[in-house]
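Trainee: build me a model from this:
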Amino acid sequence: MANKNTLTYYLTAACLFLIPILYFKTYLGPIPLSIEIILIPLVTLAALYEFFKGRIRLNDLKIWPLAAAFGLFLLVSLISVIYAIDLKSAIMEIARYLSYVVLFLIVAKVNFTKEQYMGLAKWFGAAVIFVGLFGVLQYVFNFSLNKAGLYALKEAKGRVDSTLVNPNYYSAYLNYIIPTVLLLAVVYFKNRTAQLLAFAVYAIYVVNVILTYTRAAWVTMFCAGILLIILMPKQFLKNVIKPHILLSFVILFTVLYFMPDVQSRTSSAIYAIEKLLPQGGSNGHVADGPDTDGDGEPEEVEEEEETEEEDTTTNRAVVSRMTLWKTGWYMLKDNPVLGVGMGNYTANYKDYVTKYPELYIGHESYSVHNSYLKVGAETGFIGLFSFMLIYVVYFLTIIKLYFRQNLLGRVMAVGLFTGSVCYMVQNLSNNLIFIPQLNVIFWLTAGLVLGFLAFNRKEELGK
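Mentor: Next comes the predicted model:
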């Protein structure tokens, strides 16, 4: 049988298990070396060899619209290189982009069997459990915690990043996985033991999101839960009222409420959102005057001072982030057609903070903290349009595959859709799309789920 015990299958399984848990970066001369740089070429060579030998076949997933969108952005990126002042960075960025695309197209189009899809899911599931448990243990035993961004945290020992290097990256990975795990626990599994085990994984991941102390991730996770209910209201609400599921949620939320800095950090997150909104310059308590609370009673001076200190810290962080976004916007505005060249945002940063002194935040080089502004600054409005087209086609592909699915297929489609929305939202405040380890996980799993949905729909239509 085609695809039985193929090298392509084993290498794909290796990618699913090793890339999330094994991070390292070194150089072999001028060439960067990491686990994904080793595995992706091996998967590519194996797939090409086994395809021409007839050991693997391709499925009937209509991938050409996505391939065309990938190709369009690649073309714009290549043209933008003529404006690059750092040619090496441009070439490396394009090479990374191509590695994601090639891996995605391979795993999405290889005609894996049902047993192989289940096997791949188990390998990735093992990595998911390992990463989550490692994150909890990292906090409990206080090893390798990230100390950046602790200025607003009074009780926390540090920020968890588990095996994904940075708390912001880790929180995006968690929010990408959480929707599917939650749906498996509440909607798909019928056996109580299986439900509770899946819910335990979900709970571990939620705790990890909290321990990253990434405010954007907390808000994103909350909104993702609402989106899941909107997309699967009947199935979700019907199952969530079961006593053991309700009790599990109560225990989880109680634990979360009493975790270090959760209450103050939540208030800080809400305040940060208010500041980013057009009417965010005012505080809801101002109308009552500085010396009274909402009921006209005197406020505690100590609490007021603590609140003002937290608001000041949050406001400073918001202003800093908005300044970084302005830098990206100015770079895009000054180079609207093809940008400053793929991968060349950092190379132009110093010139822009010199040209516009109000953009300087005390660093010679700094990330724009917004993937879309980075793409726009580097490839212009043409590049930004073609880049966003990739994700428009991607989401439309998921929606199209959703129909004619059984319950597992619908769960996987909605989980992927919601997790991908989370990923896109968090890219508004970070350059996650340009983080190799994280982006490989995204496109690798997305390709496999799309391939499975095509396979699963074909089986359902054949019944």
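Trainee: so what's residue 142 up against?
Mentor: Contacts for residue 142 (C-beta atoms under 8 Å, 6 or more residues apart in numbering) come out as 157, 158. C-beta here means a position set from N, CA and C on the backbone, and glycine is covered the same way.
Trainee: helix, strand or coil for it?
Mentor: Classification of residue 142 using DSSP: H, G, I helix; E, B strand; the rest coil returns coil.
Trainee: next one: phi and psi at it?
Mentor: phi 60, psi 50 (degrees, to the nearest 10).
Trainee: same question, residue 26
Mentor: The phi/psi pair for residue 26 (degrees, to the nearest 10) is phi -140, psi -180.
Trainee: and it, what are its bridge partners?
Mentor: On the basis of DSSP bridges, residue 26 is bridged to residue 33.
Trainee: does it touch residue 33 like I think?
Mentor: Yes. In terms of C-beta atoms under 8 Å, residue 26 counts as a neighbour of residue 33; the distance is 5.0 Å.
Trainee: can I get the CA coordinates of stretch 438-449 in CSV?
Mentor: Extracted C-alpha coordinates of stretch 438-449, given in CSV (Å, rounded to 0.1, in the frame of the first residue of the first chain):
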residue,chain,number,x,y,z
LEU,A,438,6.7,28.8,16.0
ASN,A,439,5.8,29.4,12.3
VAL,A,440,7.0,25.9,11.3
ILE,A,441,4.7,24.4,14.0
PHE,A,442,1.8,26.6,12.6
TRP,A,443,2.2,25.6,8.9
LEU,A,444,3.2,22.0,9.6
THR,A,445,0.1,21.3,11.7
ALA,A,446,-2.2,23.4,9.5
GLY,A,447,-1.1,21.5,6.4
LEU,A,448,-1.7,18.1,8.1
VAL,A,449,-5.1,19.2,9.4
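Trainee: what does it rub up against?
Mentor: Against stretch 438-449 from outside (C-beta under 8 Å, 6+ apart): 12, 15-16, 19-20, 36, 40, 96, 99-101, 103-108, 112, 117, 120, 124, 164, 169, 172-173, 176, 394, 412-413, 416, 420, 423, 432-433.
Trainee: just the ones of those in helices?
Mentor: Residues of the contacts of stretch 438-449 located in helices (DSSP state H): 12, 15-16, 19-20, 36, 40, 96, 99-101, 103-108, 117, 120, 124, 169, 172-173, 176, 394, 412-413, 416, 420, 423.
Trainee: related to what we said a few turns ago, which one of residue 26 and residue 33 has more residues nearby?
Mentor: Per other C-beta atoms under 10 Å, whichever of residue 26 and residue 33 has more neighbours is residue 33, with 12 against 8.
Trainee: circling back: of the ones in helices among the contacts of stretch 438-449, grab the buried ones for ChimeraX.
Mentor: Selection of the buried residues among the ones in helices among the contacts of stretch 438-449 in ChimeraX, burial being defined by 16 or more other C-beta atoms under 10 Å:
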select :12,15,16,19,20,36,40,96,99,100,101,103,104,105,106,107,108,117,120,124,169,172,173,176,394,412,413,416,420,423
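Trainee: residue contacts, the residue nearest to residue 162 when sequence neighbours are not counted?
Mentor: Closest residue to residue 162 apart from its sequence neighbours, by C-beta to C-beta, 6 or more residues apart in numbering: residue 135 at 3.7 Å. Contact criterion C-beta under 8 Å, 6+ apart gives 160, 161, 162, 170, 204, 208, 211 as the residues in contact with residue 135.
Trainee: separation between residue 135 and residue 169?
Mentor: Separation of residue 135 from residue 169 (C-beta to C-beta, to the nearest Å): 12 Å.
Trainee: likewise for residue 80?
Mentor: From residue 80 to residue 169 the distance is 26 Å (C-beta to C-beta).
Trainee: what does residue 245 give?
Mentor: To residue 169, residue 245 is 31 Å away according to C-beta to C-beta.
Trainee: pLDDT score for residue 378?
Mentor: At residue 378, the model reports a pLDDT of 96.
Trainee: same deal with residue 360?
Mentor: Note on residue 360: pLDDT of 84.
Trainee: that one touches residue 350, doesn't it?
Mentor: No. Judged on C-beta under 8 Å, residue 360 makes no contact with residue 350 at a distance of 9.6 Å.
Trainee: the nearest residue to residue 87 once chain neighbours are set aside: neighbour count?
Mentor: Spatially, and ignoring its direct neighbours in sequence, residue 87 is nearest to residue 81 (7.1 Å; C-beta to C-beta, 6+ apart). By other C-beta under 10 Å, 19 other residues sit near residue 81.
Trainee: quick one: contacts for residue 81?
Mentor: Residue 81 sits next to 87, 90, 91, 94, 341, 342 when contact means C-beta under 8 Å, 6+ apart.
Trainee: the first one and residue 94, how far apart?
Mentor: What that stands for is residue 87. Counting by C-beta to C-beta - residue 87 and residue 94 are separated by 11 Å.
Trainee: hang on, the earlier thing: overlap in contacts, residue 135 and residue 169.
Mentor: Common neighbours of residue 135 and residue 169 (C-beta under 8 Å, 6+ apart) are residue 161.
Trainee: picking that back up, need the contacts of residue 135 in TSV with secondary structure and pLDDT, can you?
Mentor: TSV is the format used below for the contacts of residue 135 (DSSP: H, G, I helix; E, B strand; the rest coil; pLDDT from 0 to 100):
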residue	secondary structure	pLDDT
160	coil	93
161	coil	94
162	coil	94
170	helix	96
204	helix	97
208	helix	96
211	helix	93
